[in-house]
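> prediction below, plus the sequence it came from.
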Number of protein chains: 2
Amino acid sequence: MSVDHEGDVPPYLQIAALIRARIDSGELAPGKPVPSVAQIVGEYGVARTTAQKALWVLRDEGLVRMVKGWGTFVAER
Amino acid sequence: MSVDHEGDVPPYLQIAALIRARIDSGELAPGKPVPSVAQIVGEYGVARTTAQKALWVLRDEGLVRMVKGWGTFVAER
DNA sequence: TCACATTTGTACGTATGTATC
DNA sequence: AGATACATACGTACAAATGTG
């Protein structure tokens, strides 16, 4: 999967949607780590800030928990 | 008022708190504009991204409404 | 209609701090 | 001590929407 820079959906929302889909499908189970900021940067070729923003969307939705020095994980619920 | 770069509260949260206080006190009434990103930059000497982040905090709290091309306003409620 | 200024939205890159492993 | 990872902050650029003249 890769992001589309031409469409009207900004990359950070596309990336958030991709990860959200993997959570909803169960591929990324509660407690499991989601891609790190660095991994997103490498995988989708976006800037670090854009990768962070994608994770912030999921965090604000309560889907993931971001823990400094540890990582970002699918929320337990 | 100015931000403290030494304390343990990051500048973007300090700025958010200052604006929140002005809303809570009624100085900034519902429907009225709050300081724009550019004004925050000029007033507190922070980067644009930091000023934005302060407003995002208030937006996420439902205290303000940010409208592209127009400005940021105290939410009506 | 058009041009312009203002304002928020998005995105890039970089640096430093802090916490965990 | 070192590597990894998130948090914060800096600066910059362009896009998109709005209002005004």
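Perfect, thanks for sending it. Bear in mind that the values here come from a model prediction, so they are computed numbers and not experimental data.

> shouldn't residue A:57 be within a helix?
Yes - counting by DSSP: H, G, I helix; E, B strand; the rest coil, residue A:57 falls inside a helix.

> dump the residue contacts of it.
A:12, A:13, A:16 (Cβ atoms under 8 Å, 6 or more residues apart in numbering or on different chains). Any C-beta I mention is one placed from the backbone N, CA and C, and that applies to glycine too.

> where does chain A have low pLDDT?
Along chain A, the model assigns pLDDT under 70 to residues A:1-2, A:5-7, A:77.

> how about the strands in it?
A:64-67, A:71-74 (DSSP state E).

> can you redo those as a markdown table with mean neighbour count and distance to residue A:43?
Shown next, in a markdown table, are the strands of chain A (neighbours: other Cβ atoms under 10 Å in any protein chain shown; distance: least, Cβ to Cβ, whole Å):
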| stretch | mean neighbour count | distance to residue A:43 |
| --- | --- | --- |
| strand A:64-67 | 17 | 16 |
| strand A:71-74 | 18 | 14 |
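
> still on that earlier bit, any idea which of the contacts of residue A:57 is closest to residue B:8?
Distance to residue B:8 across the contacts of residue A:57 (Cβ to Cβ) is lowest for residue A:12, with 28.7 Å.

> thought that closest one was touching residue A:48?
No - contact between residue A:12 and residue A:48 fails when scored by Cβ atoms under 8 Å: they sit 11.5 Å apart.

> same drill for those two, tell me which one is more crowded.
With neighbours defined as other Cβ atoms under 10 Å in any protein chain shown, residue A:12 and residue A:48 compare such that residue A:12 has more, 22 against 11.

> count the neighbours of the spatially closest residue to residue A:61 that is not a sequence neighbour for me.
Here the nearest residue to residue A:61 in space, its sequence neighbours aside, is residue A:20; by Cβ to Cβ, 6 or more residues apart in numbering or on different chains that works out to 7.6 Å. The number of residues packed around residue A:20, counting by other Cβ under 10 Å, is 19.

> repeat that for the one 3 residues further on.
Here the number of neighbours of residue A:23 (other Cβ under 10 Å) works out to 19.

> wait, doesn't it sit right on residue A:72?
No - assessed by Cβ under 8 Å, residue A:23 is found out of contact with residue A:72, at 11.3 Å.

> mutual contacts of the two, please.
The contact sets of residue A:23 and residue A:72 overlap at A:34, A:64 (Cβ under 8 Å, 6+ apart).
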